[in-house]
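>>> A predicted structure for the sequence below; I have some questions about it.
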Amino acid sequence: MSRHANGASDAHDAHDAHDAHDAHDAHDAHDVHDVHDVHDVPDVHDGGTARRSLAVIGAGPAGLAAALAAAVRGSRVTLIDAGARAGGQFYRQPAEELCARRPQALHHQWRAWERLRDGLAAQIATGRITHLTDHHVWCVERLDETSGFLVHALHGPAQEEPSVVRADAVVLATGAYEKVLPFPGWTLPGVITAGGAQAMLKGGLVLQGRTAVVAGTGPLLLPVAAGLAAAGAEVAALVESAGARDVARHARALAVHPDKLVEGAGYVAELIRRRVRLKARHAVVAAHGDGVLEAVTVAALDRDGRVAPGSEQVIRCDTLAVGHGLLPHTDLAETLGCRLEGPAVAVDDEQRTDVHGVWAAGEATGVGGAALSLAEGHIAGCSAAARLAGREPDPRAWEQAAKSRARSGEFISSLDAVFAPRAHWAEQVTDDTVVCRCEEVPASAIREAVGELGATDARTVKLLTRAGMGWCQGRMCGSAVAGLTGCEPVPSRRPFARPVPLGVLARAGEDLPDE
């Protein structure tokens, strides 16, 4: 699946669940395109002419790169982010009082982060970037092609205070969230997502428990297991459903990025040094405990991805960090009417969507890791700044970023093929397993909707069972419902990206920001 649809530019004339971008993170600091130029690139707007404004939503790698690239090229940028500090999930930072404990020990690309951080500080000091922290965007409203956009957010201790930002254009750098696949016992306290475990380490420098099992599939599992071990947890096992044959089938494409393979090998060596059991071609099929996690059952998988009879093994633990990959955050893009390509936002070579004035970059356009997000963010920022200034963009401004983006494509596709969630995982989901946690819908109800009540699509399953109608609106259970029923997930196009107090809706439109 291409991340860049050429047709996406036809309309043009000239964003926790527990994100974790470490999934493809073996990247060098030189991939922070043009961050070193923040003090060198002149402000190109005319002295007496007001600069047109750009709203960048999300302050992870893609959003930071976009904001910096646009600001140094003359745009007035408002960087809007839900976090208390910039960095997103990949560069997640602990609270100020914890920074003395060297959080860089848990991060990759720390030098790259320092360059981004310092570049952001420099642009804020010049007034070219306004950084709004703790602002949770719930809607981006398109006025018209001449009036631009209104970005609606909530902030404050209870996330109930409204904030509105007017912008001439928007870059969506909304990231990704974790794909969750249920299994018996997955709702027990002590079972968390792999990204959630990493977020706790990076953001709070704390451990979920003392003895952990890391399981699922994907490159993210390696840094999570290594991070937990380095922080003092006993990692009882790393359980990966992919095997050596899966890697061998894509060896040629993976070899294009030997630095990433070297980093992966380094993680493996570190885990072996710490005597962590590495169980490839295995899966956790159940979690056990009396009110809290006490153990997991791990089983070997045959060549078809089914549990091999008699291979079950119980491992004692009080933490299970499980991950099955990431899904793009596309809520805001869908609200704006941006075309999707598969689960991701479709963009052209400039990172433009098919909605005039809207760019997208990073995991929202397809999960690919921090280096790819930085490259796409840089391209989006350069393109947006030029077009806001009424100029045709010069592709030479993002030549190196484009090369980085192109190099990553085949590698990411190969990783996706190697680390796809195992086939037949749904066979281990018992009828009493809760699938939709918000509405407490068990697997039996979902199977009944298809097998006995005649549901033929995910929307009907949702109406019959309430699966996906709760607080998360199907973000957590959508993939599971689709896997259990064979139906495609319900499109998430909804007017709001998050719950909004009625009082805020009642006052919407009042006290709009000045031009």
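Received, thanks.
>>> Quick one: residues contacting V450.
456, 461, 485-487 (Cβ atoms under 8 Å, 6 or more residues apart in numbering). The way it works is simple: take the backbone N, C-alpha and C, and place the C-beta from them, glycine included.
>>> who wins for most neighbours among the residues you listed?
V461 (27 neighbours; other Cβ atoms under 10 Å).
>>> That one touches T485, doesn't it?
Yes. Proximity of V461 to T485 meets the contact threshold set by Cβ atoms under 8 Å, at 5.8 Å.
>>> shared neighbours of these two, anything?
446, 449-450, 455.
>>> The nearest residue to D457 once chain neighbours are set aside: what's it in contact with?
Nearest residue to D457, sequence neighbours excluded (Cβ to Cβ, 6 or more residues apart in numbering): C487, at 5.2 Å. Listed by Cβ under 8 Å, 6+ apart, the contact set of C487 reads 450, 455-458, 461, 481.
>>> Recalculate using a threshold of 10 Å.
Residues counted as contacts of C487 (Cβ atoms under 10 Å, 6 or more residues apart in numbering) are 446, 449-450, 455-462, 481.
>>> now H424
301-302, 304-307, 483.
>>> distance of it from K179?
According to Cβ to Cβ, to the nearest Å, H424 stands 16 Å off from K179.
>>> Between the shared contacts of V461 and T485, which sits nearest A199?
I446 (29.1 Å; Cβ to Cβ).
>>> Let me see the confidence value for that closest one.
Looking at I446, its pLDDT stands at 95.
>>> For it, give me phi and psi.
phi -70, psi -40 (degrees, to the nearest 10).
>>> Any regions of the protein where pLDDT drops low?
Along the chain, segments meeting pLDDT under 70 span 1-51, 94-109, 204-205, 489-493, 509-515.
>>> can you pull out the helices in the protein?
61-71, 110-126, 194-204, 221-230, 244-249, 251-254, 258-273, 331-336, 370-388, 399-418, 443-451, 458-465, 478-485, 502-507 (DSSP state H).
>>> do you know how far the residue at minimal distance from the centre of the chain is from G58?
The residue lying closest to the centre of the chain (Cα atoms, centre = their mean) is A176, at 2.0 Å. Distance, A176 to G58, by Cβ to Cβ: 11 Å.
>>> shared neighbours of the two, anything?
With Cβ under 10 Å, 6+ apart as the test, A176 and G58 both reach 15, 329, 362-364, 373.
>>> out of the residues you listed, who's nearest Y91?
S373 (10.7 Å).
>>> wait, doesn't that closest one sit right on T365?
Yes. The pair S373 / T365 is scored as a contact, 9.1 Å apart, by Cβ atoms under 10 Å.
>>> can you list residues touching both of those two?
Common contacts of S373 and T365 (Cβ under 10 Å, 6+ apart): 62, 173.
>>> Compare those two (neighbour count), which wins?
Higher neighbour count among S373 and T365: S373, with 35 against 32, using other Cβ under 10 Å.
>>> quick one: that one from A173, how far?
8 Å.
>>> what do you get for E234?
37 Å.
>>> ok, those two, which is more surrounded?
Between E234 and A173, counted using other Cβ under 10 Å, the more crowded position is A173 (36 against 16).
>>> quick one, what contacts C317?
C317 touches 190-191, 209-214, 233-237, 284, 287, 289, 293-296, counting by Cβ under 10 Å, 6+ apart.
>>> With G310 instead?
G310 neighbours (Cβ under 10 Å, 6+ apart): 299-300.
>>> For it, grab phi and psi.
Taking degrees, to the nearest 10 as the convention, G310 sits at phi 80, psi 0.
>>> From A280, how far out is it?
On the measure of Cβ to Cβ, G310 and A280 end up 18 Å apart.
>>> what's the answer for T146, then?
If you go by Cβ to Cβ, the gap between T146 and A280 works out to 57 Å.
>>> Settle it for me: which of those two has more neighbours?
The residue with more neighbours, out of T146 and A280, is A280; 16 against 7, by other Cβ under 10 Å.
>>> dump the residue contacts of the more buried one.
238-247, 300-301.
>>> go again using 8 Å as the cut-off
240, 242-244.
>>> try L54
67, 70, 75-78, 167-171, 381, 384-385, 388.
>>> Quick one, which of those are buried?
Among the contacts of L54, those scoring as buried are 67, 70, 75-78, 167-171, 381, 384-385, 388 (criterion: 16 or more other Cβ atoms under 10 Å).
>>> CSV for the contacts of C487, including distance to L221?
Formatted as CSV, these follow (distance: Cβ to Cβ, whole Å):
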residue, distance to L221
I446, 28
A449, 33
V450, 32
A455, 34
T456, 36
D457, 33
A458, 28
R459, 33
T460, 35
V461, 30
K462, 31
V481, 24
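>>> Can you tell me which of these lies closest to H324?
Using Cβ to Cβ, the contacts of C487 come closest to H324 at V481, 14.6 Å.
>>> Surely that closest one and C436 touch.
Yes. Applying Cβ under 8 Å, one finds V481 in contact with C436, separated by 7.4 Å.
>>> List the residues that are in contact with both of those two.
Common contacts of V481 and C436, defined by Cβ under 8 Å, 6+ apart, comprise 467-468, 474.
>>> Name the member of those with the most neighbours.
A467 (30 neighbours).
>>> do you know how far that residue is from A389?
48 Å.
>>> L326 contacts G369, doesn't it?
No. If you go by Cβ under 8 Å, L326 and G369 don't touch, sitting 9.9 Å apart.
>>> What segments of the stretch 101-250 of the chain are strands?
129-132, 136-144, 148-155, 161-167, 169-172, 176-178, 191-193, 211-216, 234-240 (DSSP state E, counting those that start in this stretch).
>>> Residues in contact with the fifth one: which ones?
Under the criterion Cβ under 8 Å, 6+ apart, residues 15, 52-58, 63, 66-67, 70, 140, 148-149, 151, 332-333, 336, 338, 345, 351, 353, 357-361, 364, 377, 380-381, 384, 387-388 lie in contact with strand 169-172.
>>> 6 Å instead?
Here strand 169-172 makes contact (Cβ atoms under 6 Å, 6 or more residues apart in numbering) with 54-57, 66, 140, 149, 332-333, 357-360, 364, 380, 384, 388.
>>> so what strands line up beside that strand?
Strand 169-172 has the following strand partners under DSSP bridges: strand 53-57 (parallel), strand 358-360 (parallel).
>>> Redo those as a markdown table? Include distance to G185.
Output for the strands paired with strand 169-172, formatted as a markdown table (distance: least, Cβ to Cβ, whole Å):
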| stretch | distance to G185 |
| --- | --- |
| strand 53-57 | 37 |
| strand 358-360 | 37 |
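>>> Can you say which of these is nearest to A253?
strand 358-360 (25.3 Å).
>>> so what's S479 up against?
Per Cβ under 6 Å, 6+ apart, neighbours of S479: K179.
>>> ugh, wrong one, S53
76, 167-168 are the contacts of S53 under Cβ under 6 Å, 6+ apart.
>>> got it, and H288?
By Cβ under 6 Å, 6+ apart, the neighbours of H288 are 185, 294-295.
>>> These into JSON lines, with extra columns for neighbour count and distance to A265?
What follows is those, written out as JSON lines (neighbours: other Cβ atoms under 10 Å; distance: Cβ to Cβ, whole Å):
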{"residue": "G185", "neighbour count": "23", "distance to A265": "33"}
{"residue": "E294", "neighbour count": "16", "distance to A265": "33"}
{"residue": "A295", "neighbour count": "19", "distance to A265": "30"}
